[in-house]
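[1] Okay, predicted coordinates and the sequence, questions at the end:
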Amino acid sequence: MPMTECVTLDGQIKLLPKEKLSLRPAAFGIIVHKNKLLTLRVRHTGKIHLPGGGIETGESLTTGLKREIREETGIEVEVNRLAHFHELFFYYDPSESAYHGLHFYYICQPLSIELLKDDEVNDGTAEKPRWTELAQLRSEDFQNQGEAILRKCSQSSGNMAI
C-alpha cells in the first residue's frame, strides 16, 4: 500500500496510506494596510497564519476566500490577484484528519479594517486577528509558507497598502 508523507502541526512527518487523505482546496489572503499584514494565530501552535481556509464544494476560490476572511477577521476585501500556490500533504492532529492541500494565496485589498474582537472569532483553528507590522515578522513565525508570504509582501507592498 503506497504511503504518503504528511506534515503534522508541529512539523513532524507522519506516514499515512493515500486512502486516508481528503482533497482540500483552500484560499488565503495576503492583506496589507499601512505596512501591516493581517494575521491570525493557529490555536494549537500559536504560529501565525493568514486569514482564509477551506473552500466548500460548489464555491469559487474568491467567494470562499471572502467568506473565510469575513468569518475569521470581520473585514471585507477585494480579491485582486493570485500571488502564490502551494501543494502540501498535512495531518491535522486535533481531528486526526489528513489532507492533500491545494493552497491558493491571493493579494487582497481591505475594504474595511476594523477587526473582530478575540471572543467574536468563531473558528476552530484560527484566533486573534491582528494587523501586524511587517518589519516585526520573520518567516519562522508562520505555520506555513512564511518566506513566500513575506517575499510577496515586500514585492507588492506598494500596490497593496492603502
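    Yep, that arrived. This one's a predicted model, so the numbers in the text were calculated from it and none came from an experiment. Numbers count the residues shown, from 1 in each chain.

[2] Now do the contacts for the residue most central in space within the chain.
    Closest to where the C-alpha atoms of the chain average out (CA atoms, centre = their mean) is Leu50, at 3.7 Å. Residues near Leu50 by CB atoms under 8 Å, 6 or more residues apart in numbering: 28-31, 37-40, 105, 149. For glycine as for every other residue, the C-beta is placed from the backbone atoms N, C-alpha and C.

[3] repeat for Tyr92
    Taking CB under 8 Å, 6+ apart, one finds 9, 98-99 in contact with Tyr92.

[4] Ala26 too?
    Counting by CB under 8 Å, 6+ apart, Ala26 has contacts 52-55, 101-104.

[5] nearest to Leu111, of the residues you listed?
    Relative to Leu111, the closest of the contacts of Ala26 is Gly52; by CB to CB it sits at 16.1 Å.

[6] So what pairs up with the closest one in the strands?
    Gly52 has these beta-bridge partners by DSSP bridges: Phe28.

[7] shouldn't it be in contact with Ile31?
    No - if you go by CB atoms under 8 Å, Gly52 and Ile31 don't touch, sitting 9.7 Å apart.

[8] Common neighbours of the two, please.
    Ile69.

[9] chain center to the strand ranked longest in the chain, what's the gap?
    Longest strand of the chain, by residue count under DSSP state E: strand 77-92. Offset of strand 77-92 from its chain centre (CA atoms, centre = their mean, to the nearest Å): 7 Å.

[10] Dump the contacts of Tyr92 into JSON lines; add neighbour count, distance to Pro129 and pLDDT as well.
    Converted to JSON lines, the contacts of Tyr92 look like this (neighbours: other CB atoms under 10 Å; distance: CB to CB, whole Å; pLDDT from 0 to 100):
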{"residue": "Leu9", "neighbour count": "17", "distance to Pro129": "20", "pLDDT": "91"}
{"residue": "Ala98", "neighbour count": "22", "distance to Pro129": "27", "pLDDT": "96"}
{"residue": "Tyr99", "neighbour count": "19", "distance to Pro129": "23", "pLDDT": "97"}
